[in-house]
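Quick one, what's the 3D model for this:
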Amino acid sequence: MNDDTKTPPSSRSKSSLDATERAVHPTSRAASAPGAEPGVTEMGAAGSDHEAASSGDNSSRSTPQQRAFGERPAVFKSTWQEVAFVFQATNATATSSFFQGASAIITASIGRELGMTQGEITWITASTALTAGAFQLGLGQMADLLGRRAVFIVGMASFSAFALLVAFAQDPFWMDIVCGILGVSSAMVVPPAIGIMGAAYDKPSKRKNLAFSAFSAGNPLGFVFGSILSGIATRIFNWRAAYILIAILWAIFTVVAIFTIPKVEAYPLDQPFKERLKTFFKTFDSVGTVMTIFGTGLLTAAVTLGPTDGWRAAHIIAMLVLGTLLLILFVFWERVYPTPLMPPHIWKDWNFTFIILASLPGYMGFLSGQFWLAFFMQELQRLAPLTVAVHLIPQAVAGLVYNIIAGSVLHRINNTLLLAVGSAAYIASNVLLALMRPDSLYWAFVFPSLILSVVGADFQFNVANMYVMQSLPSHQQALAGGIFNTIFRLGAAVALGISTAVFTSAQGTPEALADPMVPYKKAFQVSIGLSAISFLFLPFVRLGTQGHTSQASDDVKSDATVAPVAAAATPATGASVGKEERP
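Purely as a prediction, here's the structure:
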């Protein structure tokens with residue numbers, strides 16, 4: 001076996017990105033101590049010395065059980081700050097889904113008051129997912145270049161402000177446009193949160209597993225808790241009160257963030273802002289950002305408007321062709337631009353590619369199914385928003401329990417098996433929804449469907465999120481978060497567009513006129529089909545356990561600093577923890 005074969009995967013990943021790092025952060029190596037991790041510079045030279053000393057003291061005093069669980073990251077002054085930050089990071093990933101959940105159970109009320117069509121109602125949530133996904137990559141790169149902490153706080157504050165603006169919407173155009181702007185605000189908070197978490201929790205441990213499990217729970221649970229709080233506010237006042245409540249909550253989160261978010265940046269802290277701004281304009285992938293925004297926007301709009309405007313309409317065909325062309329050009333552009341939004345090398349890691357392909361369809365089916373379930377309860381069962389929210393409470397409770405379980409078993413159970421369990425749960429959940437009737441018993445169909453849906457969401461999000469955070473070095477963790485969330489946000493928008501097209505097409509048929517349940521059944525069948533696609537990619541995933549503490553992980557870090565030259569010639573292959581060799 002030659003030296004190149006012995007080089008650990010994590011060493012290859014970091015070394016292969018040295019050229020990109022020098023282009024994005026030309027002064028990072030000069031300002032950092034030799035051998036220091038370029039992505040974690042918040043402590044400075046003195047802080048690093050203190051961290052090393054304290055780490056040695058802690059390791060000598062701590063028990064084997066404490067070392068296995070993991071030490072508190074040095075960037076946190078206390079356990080309280082660590083818990084508060086993880087809570088804030090969870091809020092960040094819940095921002096978009098919280099808004100979608102809050103909107104989903106009051107869409108019927110909004111539509112009636114503002115005189116909205118079915119397509120316009122769908123765009124209340126679809127526009128948020130679309131803009132969140134389209135802007136996520138660019139904002140992730142911006143966070144790395146200009147400051148993660150600042151971008152996070154601005155994102156929280158702007159989300160609060162625009163949520164308040166939604167509460168005063170007077171027409172469909174106002175509603176959908178401002179909801180789209182809210183998606184941009186939500187896209188500002190996720191990449192910085194992941195970037196800070198990835199740099200802070202740089203060593204595999206149970207502590208890291210629990211932190212990332214809480215973070216991963218934000219997406220599915222945000223939808224549920226958003227629904228519950230929205231239902232309560234609407235019951236007491238009206239649907240506008242739900243958005244006022246969101247504005248108040250995120251204003252509070254903004255204030256808390258100022259005091260709890262540590263300064264963990266991807267650039268030297270003594271680098272002047274003007275120099276960072278100059279680097280930003282020189283390296284920011286503006287062309288790729290524009291292609292992403294317009295490509296996904298045109299494609300999703302065409303899918304949503306096609307059933308009502310006609311698939312042969314000139315503007316629908318133009319949007320489909322132009323949107324597809326822009327996304328194809330985006331792929332080629334990323335291969336030639338020196339500092340791309342989505343580094344092409346990450347797709348060379350087949351595990352990463354197939355984990356995303358196996359997780360994305362299930363999440364698309366999950367979000368689409370939840371949207372139409374809430375609409376079904378309002379329109380066919382004539383339930384009040386608060387009653388709909390109460391019906392969704394079991395999903396929130398189950399989600400919390402499953403998330404704790406997921407965080408506890410990532411390092412014990414084969415993660416490919418967890419992905420398979422999640423896919424099966426997604427399918428079973430949506431099958432139950434497709435089989436129910438307006439007069440069906442809640443406990444026979446909706447309740448088990450809700451319990452099963454979060455099995456898929458929690459298990460697959462934890463596995464996928466943990467792997468993504470290990471496939472890029474710490475100084476590009478915000479970008480890794482942007483890649484992961486971009487794919488899932490855009491997937492959500494596409495899923496809502498497809499299901500809306502199917503729902504609208506079925507509405508005018510003779511079968512639908514005789515049975516109002518037909519369009520909903522068709523929409524739920526879309527969710528079943530999307531969830532089933534996940535199984536097509538599971539056989540290609542080669543994943544063991546993740547996040548366990550072992551001597552091997554320490555050896556990997558040691559080897560990575562000793563053999564950078566050999567590793568530089570080897571393409572990145574992703575995470576080094578819990579990964580099985582591909583035959």
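
how about the one residue sitting closest to the centre of the chain, what does it touch?
Centroid-nearest residue in the chain, with C-alpha atoms, centre = their mean: residue 485, separated by 3.3 Å. Shown in contact with residue 485 (C-beta atoms under 8 Å, 6 or more residues apart in numbering): 93, 132-133, 136, 187, 190-191. Any C-beta I mention is one placed from the backbone N, CA and C, and that applies to glycine too.

what about 6 Å?
Taking C-beta atoms under 6 Å, 6 or more residues apart in numbering as the contact definition, residue 485 lies against 136, 190.

Can you point out the helix or strand that includes it?
Residue 485 is located in helix 477-507, with elements delineated by DSSP states H and E.

Can you identify the element that follows that helix toward the C-terminus?
helix 510-514.

Residue 306 is in contact with residue 504, correct?
No. Counting by C-beta atoms under 6 Å, residue 504 stays clear of residue 306, with 8.8 Å between them.

How about residues contacting stretch 109-121?
107, 172, 239, 304, 308, 504.

how about 8 Å then?
Stretch 109-121 is contacted by residues 103, 107-108, 124, 169-172, 175-176, 234, 238-239, 304-305, 308, 378, 385, 500, 503-504, 507 when judged by C-beta under 8 Å, 6+ apart.

How about residue 333, nearest residue that isn't a chain neighbour?
Setting aside the residues directly before and after it, residue 333 is nearest to residue 288 in space (C-beta to C-beta, 6 or more residues apart in numbering), at 5.6 Å.

Quick check: that neighbour touching residue 334?
Yes. Applying C-beta atoms under 8 Å, one finds residue 288 in contact with residue 334, separated by 6.1 Å.

where does residue 339 fall, helix, sheet strand or coil?
coil (DSSP: H, G, I helix; E, B strand; the rest coil).

Who's the closest spatial neighbour of it, skipping the chain neighbours?
residue 283 (4.4 Å).

For residue 113, see how far away that neighbour is.
Look at residue 283 and residue 113: by C-beta to C-beta, to the nearest Å, they are 47 Å apart.

okay, these two: which has more neighbours?
residue 283 (18 against 14; other C-beta atoms under 10 Å).

Quick check, the more buried one in contact with residue 145.
Yes. If you go by C-beta under 8 Å, residue 283 and residue 145 touch, sitting 7.0 Å apart.

give the contact list for the spatially closest residue to residue 413 that is not a sequence neighbour.
In this structure, residue 413 finds its nearest non-sequential neighbour in residue 545, 6.9 Å apart by C-beta to C-beta, 6+ apart. When contacts are counted by C-beta under 8 Å, 6+ apart, residue 545 touches 410-415, 578.

quick one: which of those is nearest to residue 218?
Closest to residue 218 out of these is residue 410 (16.8 Å), distances taken as C-beta to C-beta.

Test my guess that the closest one contacts residue 466.
Yes. Contact criterion C-beta under 8 Å: residue 410 and residue 466 qualify, at 6.3 Å.

Let's see stretch 316-335 as PDB, backbone CA atoms only.
Taking C-alpha atoms only, stretch 316-335 is exported to PDB below (Å, rounded to 0.1, in the frame of the first residue of the first chain):
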ATOM      1  CA  ILE A 316     -45.300  28.800 -19.800                       C
ATOM      2  CA  ILE A 317     -43.100  27.200 -22.500                       C
ATOM      3  CA  ALA A 318     -40.700  30.100 -22.400                       C
ATOM      4  CA  MET A 319     -40.400  29.900 -18.600                       C
ATOM      5  CA  LEU A 320     -39.800  26.100 -18.800                       C
ATOM      6  CA  VAL A 321     -37.200  26.400 -21.500                       C
ATOM      7  CA  LEU A 322     -35.400  29.400 -20.100                       C
ATOM      8  CA  GLY A 323     -35.400  28.100 -16.500                       C
ATOM      9  CA  THR A 324     -34.000  24.700 -17.500                       C
ATOM     10  CA  LEU A 325     -31.400  26.400 -19.700                       C
ATOM     11  CA  LEU A 326     -30.200  28.600 -16.900                       C
ATOM     12  CA  LEU A 327     -29.800  25.700 -14.500                       C
ATOM     13  CA  ILE A 328     -27.800  23.800 -17.100                       C
ATOM     14  CA  LEU A 329     -25.600  26.800 -17.600                       C
ATOM     15  CA  PHE A 330     -25.200  27.100 -13.900                       C
ATOM     16  CA  VAL A 331     -23.700  23.600 -13.700                       C
ATOM     17  CA  PHE A 332     -21.100  24.400 -16.400                       C
ATOM     18  CA  TRP A 333     -20.300  27.800 -14.900                       C
ATOM     19  CA  GLU A 334     -19.600  26.300 -11.500                       C
ATOM     20  CA  ARG A 335     -17.000  24.100 -13.100                       C
END
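
in that stretch, what counts as buried?
Neighbour-count burial for stretch 316-335, counted by 16 or more other C-beta atoms under 10 Å, picks out 316, 319-320, 323, 326-327, 330, 333-334.

Sweet, I'm off.
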